[in-house]
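Participant: With the sequence up front, the predicted model follows.
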Amino acid sequence: MQFRCSMSSRTEVVATTILRWVVGATFLFSGLTKCVDPVGSAIYVEKYLATYSLETFLPLSEGIAVTLAVVETLLGVLLVTGVLRHITSLISLLILSLFTVVTLLSATVLPIGECGCFGDILKLTPWQTFLKNIVLLVFCYLLWRCRGEKRPIVPKNGIAVIVGIVVPLGVSLYALRHLPLVDTMPYRVETALYDAVAMERDKEEQAVCNVLIFKNIKTGESVEFDASDGVCWEDDDLEFVEAVTRRMSVETTYDDFRLYDSEGDDRTLDVIGRKGRVALLCINDTKDISARHLRGINSLLTQYPLRAIVVLTAVDISDIEDVISVSDVEMYAVDAMTLRSVIRSDIGVVILRDGVVEFKSDIRDI
């Protein structure tokens, strides 16, 4: 049965054009945010796979992320240009239906935190994403209802399809080989990392307070005093109950950015606060190390003296002994997810100059 719009022809054209642009622009933005940072998108994919007990597919997370980027970008291009309306309206409706169900589950029975639908460029909660998907789902349904008659395929159809596939695929592969075209992490180039981390650590310390709790013998009321206030001990009407440490809520960005030495001590500020240039050799993974990785590391060692090189690693020291001599350089353990935020490469380098991020690169590009 062929559904028809009840609107007049002119109104239908204007309405469907606006709907196509809105839905298409959303798909386009979502796809492009994924393809400029496929590693970041893969991290979100891994969260979903783990939440839905699909760990078997974890090795495919980057491939899934790239595929999502290509599909969403392609749909965005086709919707905005009005090419292949019949098939794009149906596919958009089906995909939005699936995404809506997933985000509803993520907001209720299978909480996952940030959805990652727009990567790290625009962060939304599952509920915000669910509401956004509901609106788009209605728009897609209207587009499908008002899809009109099938039109013959013309050369511009092929051009739009090629652009919608080649551009996101090329950008994704480039970002996987080098670094994301857009760095949205709090460790991007020109970030005053030492100042930002030091300020946050100071706020965390100030958010901790020691409180003495007393009971008023006459009234039975509980009274609290700052631990530094000695007056409370002089009041005979007060009976000491307990001492507690309270931590006020502080919004943090770098709480997980902590560099631990072999003794388990936090040396973060000592390392990133050094004067001059410091090369942070970040080792996220060594499973797929190649000759180009090794050449890049050797090039780094020839450009910087050993005292100016610090290894940050999320893997066991035994796994990187073939990469670099452990005894020659300082080495600190870092949380794996945090190190992926510092730099997306399996092995990369971050150059700090007086505590400011000056340069970032995949080690193969050194």
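Facilitator: Alright, I've got the coordinates. Numbering: from 1, shown residues only.
Participant: so where's the longest helix in the chain?
Facilitator: Counting by DSSP state H, the longest helix found in the chain is helix 9-35.
Participant: same for that one, what does it pack against?
Facilitator: Judged by 3 or more CB pairs under 8 Å, 6 or more residues apart in numbering; DSSP states H and E, helix 9-35 is in contact with helix 61-81, helix 85-107, helix 126-145, helix 155-177. The C-beta positions use only the backbone N, C-alpha and C, and glycine is treated the same way.
Participant: Any idea which of those gets closest to residue 232?
Facilitator: Across those, residue 232 has its closest neighbour in helix 126-145 (45.5 Å, CB to CB).
Participant: Which other helices and strands does the closest one contact?
Facilitator: On a contact count with 3+ CB pairs under 8 Å, 6+ apart, helix 126-145 meets helix 9-35, helix 85-107.
Participant: Am I right that residue 215 sits in a strand?
Facilitator: Yes - with DSSP: H, G, I helix; E, B strand; the rest coil as the criterion, residue 215 is part of a strand.
Participant: residues in contact with it?
Facilitator: For residue 215, the contact set (CB atoms under 8 Å, 6 or more residues apart in numbering) comprises 221-223, 238-239, 241.
Participant: change it to 10 Å
Facilitator: Contacts for residue 215 (CB atoms under 10 Å, 6 or more residues apart in numbering) come out as 221-223, 237-242.
Participant: Of all pairs in those residues, which one is the farthest apart?
Facilitator: Put simply, by CB to CB the two of the contacts of residue 215 set farthest apart are 237 and 242, 17.7 Å from each other.
Participant: What pLDDT does the model give the residue nearest to the spatial centre of the chain?
Facilitator: For the chain, the residue nearest the mean C-alpha position is residue 120 (4.4 Å; CA atoms, centre = their mean). Residue 120 carries a pLDDT value of 79.
Participant: residues contacting the nearest residue to residue 338 once chain neighbours are set aside?
Facilitator: Nearest in space to residue 338, with sequence neighbours left out and distances taken as CB to CB, 6 or more residues apart in numbering, is residue 256 at 4.5 Å. Residue 256 makes contact with 334-335, 337-339, 341, according to CB under 10 Å, 6+ apart.
Participant: Tell me the secondary structure of the residue nearest to residue 186 when sequence neighbours are not counted, please.
Facilitator: Distances taken as CB to CB, 6+ apart place residue 253 nearest to residue 186, at 5.1 Å, with adjacent residues excluded. With three-state DSSP as the basis, residue 253 sits in coil.
Participant: residues touching residue 253, list them.
Facilitator: Contact partners of residue 253, counting by CB under 10 Å, 6+ apart, are 185-187, 196-197, 200.
Participant: Generate a PyMOL selection restricted to the buried subset of those residues.
Facilitator: The buried subset of these, as determined by 16 or more other CB atoms under 10 Å, is captured in PyMOL by this line:
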select buried, resi 185+186+187+196+197+200
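Participant: In strands, which of the contacts of residue 215 appear?
Facilitator: Assignment to strands by DSSP state E places the following of these there: 222-223, 238-242.
Participant: Once you drop chain neighbours, what's closest to residue 213?
Facilitator: According to CB to CB, 6+ apart, the nearest residue to residue 213 is residue 241 (4.5 Å).
Participant: Sketch out the low-pLDDT regions of the protein for me.
Facilitator: Regions of the chain meeting the criterion pLDDT under 70 cover residues 1-8, 147-154, 325-327.
Participant: Looking at the helices and strands packed on helix 9-35, spot the one closest to residue 264.
Facilitator: Nearest to residue 264 among the helices and strands packed on helix 9-35 is helix 61-81; the distance by CB to CB comes to 30.8 Å.
Participant: Just the angle for that closest one relative to helix 155-177, thanks.
Facilitator: Relative orientation of helix 61-81 and helix 155-177, computed by axes from the mean of the first three to the mean of the last three CA atoms, to 10 degrees: 150 degrees.
Participant: in helix 61-81, what counts as buried?
Facilitator: Buried, per 16+ other CB under 10 Å, within helix 61-81: 61-62, 64-81.
Participant: next one: it to chain centre, how far?
Facilitator: Here the centre of helix 61-81 is set off from its chain's centre by 18 Å, with CA atoms, centre = their mean, to the nearest Å.
Participant: Noted, bye for now.
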